[in-house]
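Asker: sequence below, structure please.
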Amino acid sequence: MNQPPLIELRGLTKTYGVGDAMFQALKGIDLTIHRGEFVAIMGPSGSGKSTLMNLLGCLDTPTTGSYRYEGIEVETLNSNQRSLLRRYALGFVFQGFNLLPRTSALENVELPLLYRGMARKERQEKATAALNSVGLPNKLNNTPGELSGGQQQRVAIARAIVTEPSTLFADEPTGNLDSVTTQDVVEILTRLNVDRGITILLVTHEEDVAACARRTIVIKDGLVASDTQRS
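Answerer: This is a model prediction of the structure:
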């Protein structure tokens with residue numbers, strides 16, 4: 001028996017503003033993503049790809065259309081319910097790292113578990129394991145200012161996976177990194193997908209980064225322009 005889709009979008013639109021200021025960022029997206037996929041989302045600036053990512057990550061709500069996540073009709077959820085879905089099922093990695101500057105790597109990674117009310121000992125054990133998994137076993141007590149850009153992004157990835165999400169959203173995660181560090185981050189994301197089965201949705205402008213994914217979706221003018229699967 002086939003598994004139902006992890007993510008299913010039907011006729012998804014997003015409109016901002018009213019009257020003369022109205023702008024339709026998404027014009028009717030139909031999309032199906034299955035558990036365990038690694039998908040790159042590409043498109044020029046203003047294409048709607050970031051809007052799509054925000055909707056998929058429950059950071060925003062569609063104007064019209066349907067979004068199902070594991071069968072849940074996300075567009076019908078209230079803000080508290082969407083927050084719970086983000087907290088327990090989704091992980092996020094951003095271009096700007098978004099780490100607390102005067103807080104150690106370990107404490108930064110612990111933060112999502114603190115929101116869950118987890119006991120300190122268990123939080124520290126899970127955060128330590130997450131940092132070890134991204135290759136930072138000796139940086140637990142370093143603050144972001146004491147880490148390179150690549151190391152900061154590794155901390156951000158550890159923070160995203162410490163809750164064991166089923167889906168990881170990575171929005172331009174290599175945008176601030178050099179080519180060598182970019183490859184390191186790509187390898188970590190690939191390993192998370194292959195070894196842990198985490199579904200990854202990666203927004204990127206970089207074709208060499210998108211090449212690590214097994215599927216590439218190009219968004220243009222608020223619509224899916226192409227959807228390519230790699231063998």
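
Asker: hmm, residue 188 is touching residue 154, no?
Answerer: Yes - under the criterion of Cβ atoms under 8 Å, residue 188 makes contact with residue 154 at 6.9 Å. Yep, even glycine has a C-beta here, placed from its N, CA and C like the rest.

Asker: residue contacts, the residue nearest the centre of the chain?
Answerer: The centre of the chain sits closest to residue 169, judged by Cα atoms, centre = their mean, with a distance of 0.9 Å. Counting by Cβ atoms under 8 Å, 6 or more residues apart in numbering, residue 169 touches 53, 56-57, 90-93, 201, 203.

Asker: how far does the helix or strand encompassing it sit from the chain's center?
Answerer: Residue 169 belongs to strand 167-171 when elements are defined using DSSP states H and E. Relative to the mean C-alpha coordinate of its chain, strand 167-171 is positioned 1 Å out (Cα atoms, centre = their mean, to the nearest Å).

Asker: after that strand, which helix or strand is next?
Answerer: Strand 167-171 is succeeded, C-terminally, by helix 179-196 (DSSP H and E).

Asker: residue contacts, residue 17?
Answerer: residue 23.

Asker: mind checking how far it is from residue 145?
Answerer: 39 Å (Cβ to Cβ, to the nearest Å).

Asker: do you know how far the residue nearest to the centre of the chain is from residue 143?
Answerer: Distance, residue 169 to residue 143, by Cβ to Cβ: 25 Å.

Asker: poorly predicted segments of the protein, please.
Answerer: Within the chain, the stretches with pLDDT under 70 are 1-2.
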